[in-house]
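Undergrad: coords please:
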Amino acid sequence: MTTVRPIADQNELDQVLALQRRNLARSLDPEEVASQGFVTVEHTLDLLRKMHAISPSIAAFDGKTLAGYALVMPPECRTFIPVLVPMFERLDQLGARGYYIMGQICIDKPFRGRGLFDELYAAHKRYLSGEYRSCITEVAVRNGRSMSAHLRVGFTVIDRYRDATDEWALLEWRWG
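TA: Below you'll find the predicted structure:
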């Protein structure tokens with residue numbers, strides 16, 4: 001039985017980092033990147049601790065085993081990851097208010113296809129909709145699996161742009 005809830009301690013943050021490392025685009029072969037998706041940004045334990053202190057991220061657990069995670073990045077985190085600064089600047093230009101960033105979502109391979117992506121986002125709404133009006137994320141346009149899944153959950157494309165690393169779609173899921 002899978003439980004979806006806020007991350008509770010450093011052991012769980014360590015599990016997030018291990019799952020993240022296994023799913024970085026550079027850790028996967030091109031065929032897997034195309035069919036299964038990937039994550040782009042690599043976090044450190046210190047960075048996850050800082051984010052967690054502001055707002056705990058949401059994770060799915062099968063017993064004590066991490067099945068997947070969806071990181072929470074309130075706007076106060078905007079300077080924590082330099083590669084994301086252009087995204088925050090773009091949101092400023094668009095006049096975005098009352099949002100937080102879903103900083104990265106990843107489901108471990110043995111747990112894919114079980115609805116955890118949707119469950120993680122449902123938990124985001126359950127735990128965070130009282131404080132925020134919407135959830136925003138950005139997805140590499142070439143990450144077709146992630147784009148399709150986000151649109152299915154209810155996100156809409158609010159902008160597209162290219163930076164030094166990729167072409168990105170800014171997606172927003174409004175709650176009210």
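Undergrad: and the helix or strand bottoming out on mean pLDDT in the chain, how far out from the chain's middle?
TA: Least confident helix or strand, the chain: helix 30-36 with a mean of 78, by mean pLDDT, DSSP states H and E. Centre-to-centre, helix 30-36 and its host chain are 18 Å apart (CA atoms, centre = their mean, to the nearest Å).
Undergrad: Enumerate the positions of that helix that are buried.
TA: Val33 (16 or more other CB atoms under 10 Å). C-beta here means a position set from N, CA and C on the backbone, and glycine is covered the same way.
Undergrad: what's downstream of that helix, the next helix or strand?
TA: The first helix or strand that comes after helix 30-36 along the chain, using DSSP states H and E, is helix 45-54.
Undergrad: ok, residues contacting the least confident helix or strand of the chain?
TA: Ala25, Leu28, Phe38, Lys109, Arg112, Gly144, Arg145 (CB atoms under 8 Å, 6 or more residues apart in numbering).
Undergrad: hmm, which of these are the buried ones?
TA: Ala25, Leu28, Phe38, Arg145.
Undergrad: Find the centremost residue of this protein, please.
TA: Of all residues in the chain, the one closest to the mean position by CA atoms, centre = their mean is Gln104, 2.0 Å from it.
Undergrad: Kindly confirm my reading that that one is in a strand.
TA: Yes: looking at Gln104 with DSSP: H, G, I helix; E, B strand; the rest coil, it is inside a strand.
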